[in-house]
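A.B. asks: I'd like to go over a predicted model; first the sequence, then the structure.
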Amino acid sequence: MRIHLVAAARPNFMKIAPLYHAIRRQSGWVPVLIHTGQHYDANMSEAFFRDLRLPRPDHHLEVGSGTHAEQTGGVMMAYERVAVADRPTCIVVVGDVNSTVACALVGAKARIPVVHLEAGLRSRDRSMPEEINRLATDAISDVLWTPSGDADENLLNEGVSRERIELVGNVMIDSYEMLRTEIERDATPSALGLLQGRYAVVTLHRPSNVDRAESLGQLVEELQWAAARLPIVFPLHPRTRSRLQAFGLMDRLRSAPGVTLCDPLGYVQFMSVVCGAKGVITDSGGVQEETTYLGIPCLTLRDNTERPVTVSLGTNRLVRLDAFRDAVTVLVSGGWPVGTVPPLWDGHTAQRCVNSLQRRFGG
Ligand code: UD1
Ligand code: UDP
């Protein structure tokens, strides 16, 4: 059985890696790594291959950046050639980035079974490009592997038949558990001058937060206020770095007391910094999940989340800008609500995916 595993952008690599390793352990199964090239900087791509013990991709499509149509269309054209020539048993796509929907479309039209890992998540906010990618990918995928019960319900409510859906759990947790020892040994926090439990980590990259000068300016002001109470370390996503520069906000942020800016961190380094933090301020999807798993307070600067279990069970809270200072005050005081870990976020999701592939395609 040949299985195409599609990875494209930073949050994809930690979803693909556990599955790659689990498939390789099956005798006679061949994982074929496809990198679309949506993310290409060394610290947004290569660093993760190293940390997650992934070999070089079998196919690198080198599509790069562009408008949504350019990127989605570019991936489709490049991947169609590979998929049709190789005709794998199935194609696994993960998450909700442009390359996810592009490769799912290619597979569906070439009549190659498509499996979506992290299916069924819904923010119900169609101004998010990812929500369009999720809806479209789930509509055309043959098998829908979900991380949590809410995702199953979303799919059933959309009329998806039950046999297409399998609750497998959260594969990101498999990556964390695979690298737990390295993460615990990593010394990045002290190298950055951070004191255990006495700083917050910030990650922001959603267009709704960083693409307009006015909203990014307000965010910078709020972060300055927060950093005066709890030092922050902010690894800058390339989108955010370029917007801070374009809007003339970089110097103000960089020179604010308590603010440490750095380049995007590798997975082990980043998780080590998160593990030592008092809390996290973010708009990332994956970081909402990782903090819930680790029981670390997470303040999400968004109006909605496609990952509601991180709020109902976990440590995540959605915070609008007008409530930001109150939320930071609670974080600093140590009064943040505690949470529990959602079912099947246990480090064994990749094995459940392999069992599913065996049942569906093994014969
Ligand atoms: C993409 C995903 C988003 C995901 C995020 C994870 C879509 C629509 N968006 O957003 O869902 O949360 O990745 O990080 O698929 N750039 C670089 N170097 C890189 C990659 C990007 O400089 O290696 C810059 C380019 O200027 C590019 C911009 O960042 O135009 C945005 O990159 P893109 O992949 O289009 O979107 P992200 O914001 O990264
Ligand atoms: N991450 C990382 N280094 C960083 C910031 C994030 O390794 O500097 C990891 C983080 O642990 C999580 C993933 O990247 O596993 C999330 O990616 P991102 O926030 O870019 O995308 P999203 O999850 O929002 O789609």
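C.D. replies: That came through fine. Ligands and ions are numbered 1, 2, ... in the order given.
A.B. asks: Can you name the residues of the stretch 101-250 of the chain that neighbour ligand 2?
C.D. replies: Within the stretch 101-250 of the chain, the residues that sit near ligand 2 (CB under 6 Å from any ligand atom) are 172, 203, 205, 235. Heads up, the C-betas are built off the backbone N, CA and C, glycines and all.
A.B. asks: with these in mind, which one is nearest to residue 352?
C.D. replies: Distances from residue 352 to those, taken as CB to CB, are shortest for residue 172 (14.0 Å).
A.B. asks: Next up, the contacts around the closest one.
C.D. replies: Contact analysis of residue 172 by CB atoms under 8 Å, 6 or more residues apart in numbering lists 14, 15, 286, 289, 290, 293.
A.B. asks: can you tell me which of those are in helices?
C.D. replies: Among those, the ones falling in helices (DSSP state H) are 14, 15, 286, 289, 290, 293.
A.B. asks: Which one of the residues of the stretch 101-250 of the chain next to ligand 2 sits in the busiest neighbourhood?
C.D. replies: residue 172 (25 neighbours; other CB atoms under 10 Å).
A.B. asks: Could you tell me the phi and psi values at the nearest residue to residue 291 once chain neighbours are set aside?
C.D. replies: The shortest distance from residue 291 to any non-neighbouring residue, by CB to CB, 6 or more residues apart in numbering, is to residue 298 (3.8 Å). Reported as degrees, to the nearest 10, the phi and psi values for residue 298 are phi -130, psi 120.
A.B. asks: Tabulate the ones in helices among the contacts of residue 172 (JSON lines), appending distance to ligand 1, neighbour count and pLDDT.
C.D. replies: Formatted as JSON lines, those follow (distance: CB to the nearest ligand atom, whole Å; neighbours: other CB atoms under 10 Å; pLDDT from 0 to 100):
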{"residue": "14", "distance to ligand 1": "11", "neighbour count": "26", "pLDDT": "98"}
{"residue": "15", "distance to ligand 1": "12", "neighbour count": "25", "pLDDT": "98"}
{"residue": "286", "distance to ligand 1": "8", "neighbour count": "20", "pLDDT": "98"}
{"residue": "289", "distance to ligand 1": "13", "neighbour count": "26", "pLDDT": "98"}
{"residue": "290", "distance to ligand 1": "14", "neighbour count": "24", "pLDDT": "98"}
{"residue": "293", "distance to ligand 1": "18", "neighbour count": "21", "pLDDT": "98"}
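A.B. asks: Out of those, which is nearest to residue 273?
C.D. replies: Residue 273 lies nearest to residue 290 out of the ones in helices among the contacts of residue 172, by CB to CB, at 11.5 Å.
A.B. asks: quick one, what contacts the closest one?
C.D. replies: 172, 176, 271, 274.
A.B. asks: Torsion angles phi and psi at the first one?
C.D. replies: Backbone torsions of residue 172, given as degrees, to the nearest 10, read phi -60, psi -30.
A.B. asks: What about residue 254, how many residues nearby?
C.D. replies: 12.
A.B. asks: So it sits against residue 260, correct?
C.D. replies: No: look at residue 254 against residue 260 with CB atoms under 8 Å: they stay out of range, at 9.2 Å.
A.B. asks: among the contacts of residue 290, which are within reach of ligand 1?
C.D. replies: Among the contacts of residue 290, no residue is within reach of ligand 1 (CB under 6 Å from any ligand atom).
A.B. asks: Can you convert these into a markdown table and add a column each for pLDDT and secondary structure?
C.D. replies: Shown next, in a markdown table, are those (pLDDT from 0 to 100; DSSP: H, G, I helix; E, B strand; the rest coil):
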| residue | pLDDT | secondary structure |
| --- | --- | --- |
| 172 | 98 | helix |
| 176 | 98 | helix |
| 271 | 98 | helix |
| 274 | 98 | helix |
